[in-house]
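1. fold the following for me, if possible:
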Amino acid sequence: MTLLADIRNFFVRERLWGFLFLLAAAIYGTAVWRGRAEVQEPPSSALEMLKTAEHKLKEEIHSVGGVQMLLRRRPRLLTALNLFTFLVFGIFLTGLWIDYYWVTRPAWRQGLGKSAGPPEAGGWGPSTIFKVILIFILAGVGLNGFLTLLRSVFFPGLGQNLFILVHTTLSDLVCVGAVVYFITRRGGNWRDLGFKGVRFFKDMGVGLAGYAGLVPIFVLSLVAVVLAAQWLSYEPPPHPLVEVFLEEEKRAPGVVLYSLFLACVAGPLFEEIFFRGFCYPALKKRWGMGTGLVLSAAFFALIHQNAFAFFPIFILGLGLGYLYEKRGTLIPSIVLHVVHNSIFVGYFFLAKEVLIGS
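-> From the prediction side, this is the model:
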């Protein structure tokens, strides 16, 4: 049966979900139309300050000892930069060694995984993924209205950044809740999402080694897109959390801690449950391991809504999916994802200190 026939049969059989799809499409179309009609807001003062500091630093680089003098005046920052550079360079070299063994030693590579692989998608498939996506979209719209009302009545002083973070957290919880609901409804349980056969410390070590092995490939993909952006004179938009970090660092440190928790812990956990634990087995069951890995990684990259970073995130998604396929548990993928996000967040704060401190 072809994919188009599957889609047609789904909408004939599941009329309620067809209606919800039309509703979600109408909401999305209205949002796009309103977004084009509205005047684009200028960048925030925090982003403008960071850009000004960046231009200033570039000018100082051309002068003798500009950055060096900055670092000499701030020995703690210099120490932090040296430690961070040593850490990243060490991970990169370790990754090259792991990749060499992975390519040249088949027996070593085969020892990475379990023969059983990840849990199979017993009672869910691509149509279930579609249903969860619809629930996520419509729940996001409903939560936005509910939280806006709650904010206006009970918390009029609640900042916009905290509002967005709470909305994101609740939307993610609804998504994971929907995933668990559909799996348990078909006779499974939450362990079918990649939490069977866990050997925590060994899986944790595999996740760390997997990240090291992925770093050289990820760095090459990142360099490629940076060079492409420079050639096209394209300046990619900052990540949404960057503005939160900049605006709330001194005004509301608790909001920054909350965003750090989302970026480095909760976000990776939610995303691994959904993309690897839920989506990948369903896509693998329908189209096989290779296509399942590619589709789940592409979906993972697409959902981040950043065309500039699509290819590096796609590479990351392939690595996360491959690790889940080989180990049969989500723990290594979660560890890899947590470490990756934490390193990038740490890099941002160090870079910010260099820029603003210059």
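
2. roughly how far does the residue nearest to Tyr280 when sequence neighbours are not counted sit from Thr184?
-> Among residues not flanking Tyr280 along the chain, Ser296 sits closest, at 4.3 Å (CB to CB, 6 or more residues apart in numbering). In this view, the C-beta of every residue, glycine as well, is placed from N, C-alpha and C. Taking CB to CB, to the nearest Å as the measure, Ser296 falls 22 Å from Thr184.

3. with neighbour numbers in mind, choose between those two.
-> Using other CB atoms under 10 Å as the criterion, Ser296 and Thr184 rank with Ser296 on top: 26 against 13.

4. residue contacts, the more buried one?
-> Counting by CB atoms under 8 Å, 6 or more residues apart in numbering, Ser296 makes contact with 275-276, 279-280, 283, 317, 321.

5. possible to save those as TSV with pLDDT?
-> Formatted as TSV, the contacts of Ser296 follow (pLDDT from 0 to 100):
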residue	pLDDT
Phe275	96
Arg276	95
Cys279	96
Tyr280	95
Leu283	94
Gly317	96
Gly321	95
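
6. farthest-separated two in the residues you listed?
-> Maximum pairwise distance in the contacts of Ser296, criterion CB to CB, is 12.0 Å, between Leu283 and Gly317.

7. Asn95 against Leu208, yeah?
-> If you look again at residue 95, you'll see it is Gly, not Asn. No. Contact criterion CB atoms under 8 Å: Gly95 and Leu208 do not qualify, at 10.8 Å.

8. these two: which is more packed in?
-> The neighbour count for Gly95 versus Leu208, taken as other CB under 10 Å, is higher for Gly95 (22 against 16).

9. now the more buried one: how far from Glu272?
-> 20 Å.

10. give me phi/psi at Arg105?
-> phi -120, psi 90 (degrees, to the nearest 10).

11. ok, it - how many residues close by?
-> Counted with other CB under 10 Å, residues neighbouring Arg105 total 11.

12. cool, Pro106 as well?
-> 9.

13. got it, and Gly90?
-> 11.

14. buried residues in the helix or strand encompassing Ala229?
-> Applying DSSP states H and E as the criterion places Ala229 in helix 200-231. For helix 200-231, the neighbour count (16 or more other CB atoms under 10 Å) marks 203-204, 206-219, 221, 225 as buried.

15. state the pLDDT value of the closest residue to Gly292 other than its chain neighbours.
-> Distances taken as CB to CB, 6+ apart put Lys284 closest to Gly292, at 3.3 Å, once the chain neighbours are dropped. Per-residue confidence (pLDDT) for Lys284: 94.
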